[in-house]
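Novice: A structural model of the following input is requested.
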Amino acid sequence: MRSGDDEGKAEQWVEVISWEPRAFIYHNFLTQAECDYLINLAKPHMQKSMVVDSSSGKSKDSRVRTSSGTFLPRGRDKIIRDIEKRIADFSFIPMEHGEGLQILHYEVGQKYEPHFDYFMDDYNTENGGQRIATVLMYLSDVEEGGETVFPSAKGNISAVPWWNKLSECG
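Specialist: So this is what the prediction gives:
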């Protein structure tokens, strides 16, 4: 990995984790300055993370999710808008179809049990639409833990020489 230029930007590259379901790593997606900015912006507003109640669409406490978090309004400032634009560019999903950023923090032993990110309730699908993709951005690094597991993933195919020649349909 390159150390980065004067603006703190390092070389970006894509790694395929799974083609079905699709899971990619966009290495160096954020600069260290952007990571620090998001952490400092979110820190004073962190609260216990909630889950969506599938019958009401409302937030509720649950033992399956033990992190703390906060939501940042869409387009809050130039840095957030730049990140949202980059997400749209990398995901090929227009900015106006995105949600505000959610910043999460996990202490040792905290978790979010395996789940789907799509909505199973009428309220959220009628008021915001269904989620078709999720972008995770890791703002810090730890020696152990902190990983995200995709239990349905069929393995890393990025080592296959022809993986990047597949069409969108596979």
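
Novice: At the geometric centre of this structure, which residue do we find?
Specialist: Leu136 (1.7 Å; C-alpha atoms, centre = their mean).

Novice: what about the closest residue to it other than its chain neighbours, distance to Ser54?
Specialist: Spatially, and ignoring its direct neighbours in sequence, Leu136 is nearest to Thr148 (6.1 Å; C-beta to C-beta, 6 or more residues apart in numbering). Using the backbone N, CA and C atoms, a C-beta is placed for each residue, glycine as well. Distance of Thr148 to Ser54, given as C-beta to C-beta, to the nearest Å: 22 Å.

Novice: Which one's more surrounded, those two?
Specialist: Ser54 (13 against 10; other C-beta atoms under 10 Å).

Novice: Just give me the neighbour total for the nearest residue to Ile93 once chain neighbours are set aside.
Specialist: Leaving out its chain neighbours, the residue that sits closest to Ile93 by C-beta to C-beta, 6+ apart is Ala133, at 6.0 Å. A total of 12 residues lie near Ala133 under the criterion other C-beta under 10 Å.

Novice: ok, Ala133 touching Ala88?
Specialist: No: Ala133 is not in contact with Ala88 according to C-beta atoms under 8 Å; the separation is 10.7 Å.

Novice: Pull out the buried residues from the lowest-mean-pLDDT helix or strand in the chain.
Specialist: Sorting the helices and strands of the chain by mean pLDDT, DSSP states H and E puts helix 122-127 at the bottom, at a mean of 77. Buried residues in helix 122-127, defined by neighbour count with 16 or more other C-beta atoms under 10 Å: Asn124.

Novice: Render the CA-only coordinates of it in CSV, please.
Specialist: Taking C-alpha atoms only, helix 122-127 is exported to CSV below (Å, rounded to 0.1, in the frame of the first residue of the first chain):
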residue,chain,number,x,y,z
ASP,A,122,-44.3,-1.6,5.1
TYR,A,123,-43.5,1.7,6.9
ASN,A,124,-39.9,2.0,5.7
THR,A,125,-40.4,0.7,2.2
GLU,A,126,-43.3,3.1,1.7
ASN,A,127,-41.5,6.1,3.2
